[in-house]
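In: below are the sequence and a predicted model for it; my questions follow.
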Amino acid sequence: MSIVEFLLIGIGLAMDAFAVACCRGVEMKKFAWKTALLIAFFFGFFQALMPLIGWATGSQFQKYIMAVDHYIAFGLLVLLGLKMIYEGIKKDKKEKCPSKFSFWTLLVLSIATSIDALVVGITFAFINANIWIAISIIGSVTFLLSFIGVWLGQKIGTKLKGFAEIAGGIILILIGTKILLEHLSVISF
């Protein structure tokens with residue numbers, strides 16, 4: 001996979017963290033650098049850790065499913081993408097931002113927003129992606145977008161939440177489609 005593909009996957013995966021960071025920013029009367037950096041660190045760290053765990057798990061099974069790994073990678077990425085698009089457009093927008101952002105709340109939200117990254121890590125094992133480059137980029141992108149999310153949330157609120165989830169879902173579907181087409185030798189990048 002190329003750096004651009006890792007960047008796009010990082011952006012797609014970071015959209016949930018971005019949306020939650022926007023929620024935290026909405027609660028701020030004045031932008032707090034320390035809080036924004038702490039949120040960005042937690043989200044970035046777990047977005048990098050989860051693909052590593054997924055990759056380690058997927059690597060154990062790769063030799064058994066090598067013949068169909070591209071179908072599995074495609075399926076997982078498309079399902080995650082569709083889930084994100086659904087969450088971005090669903091009608092019930094009464095979802096509230098967490099009212100209290102304690103250490104434990106931040107920890108739980110960091111893990112919850114990075115579960116998708118665990119699945120992507122499994123696909124990295126199936127396609128022999130360089131996991132160290134992948135997690136470095138994914139963690140950095142998530143850190144940056146989470147920090148920006150806190151700032152934007154403080155400035156303009158959560159209006160970008162639905163758009164961010166839809167965009168992230170589309171990116172994951174496109175990457176999954178590219179993986180499938182490359183393995184079927186329909187296209188070559």
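Out: In hand now; what should we look at?
In: all contacts plus neighbour counts: C-alpha atoms, from now on.
Out: Noted.
In: residue ranges with poor pLDDT in this protein?
Out: 66, 69, 91-101, 157-162, 186-189 (pLDDT under 70).
In: in it, where's the longest helix?
Out: The residue-count maximum for a helix in the chain (DSSP state H) belongs to helix 33-65.
In: what separates that one from the chain centre, distance-wise?
Out: Averaging C-alpha positions (C-alpha atoms, centre = their mean, to the nearest Å) puts helix 33-65 9 Å from its chain's average.
In: where do the helices sit along this structure?
Out: Going by DSSP H, the chain shows helices at 3-27, 33-65, 69-89, 103-112, 115-126, 131-156, 161-183.
In: now the ones you listed as TSV including mean neighbour count?
Out: Putting those into TSV (neighbours: other C-alpha atoms under 10 Å) gives the following:
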stretch	mean neighbour count
helix 3-27	24
helix 33-65	20
helix 69-89	20
helix 103-112	16
helix 115-126	24
helix 131-156	23
helix 161-183	21
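In: re earlier: just the angle between the longest helix of the chain and helix 131-156, please?
Out: For helix 33-65 against helix 131-156, the angle by axes from the mean of the first three to the mean of the last three C-alpha atoms, to 10 degrees is 140 degrees.
In: what's helix 33-65 packed up against?
Out: When contacts are defined as 3 or more C-alpha pairs under 8 Å, 6 or more residues apart in numbering; DSSP states H and E, helix 33-65 packs onto helix 3-27, helix 103-112, helix 115-126, helix 131-156.
In: contacts only, for residue 146.
Out: When the contact criterion is C-alpha atoms under 8 Å, 6 or more residues apart in numbering, the partners of residue 146 are 14, 17-18, 21-22, 36, 39-40, 43-44.
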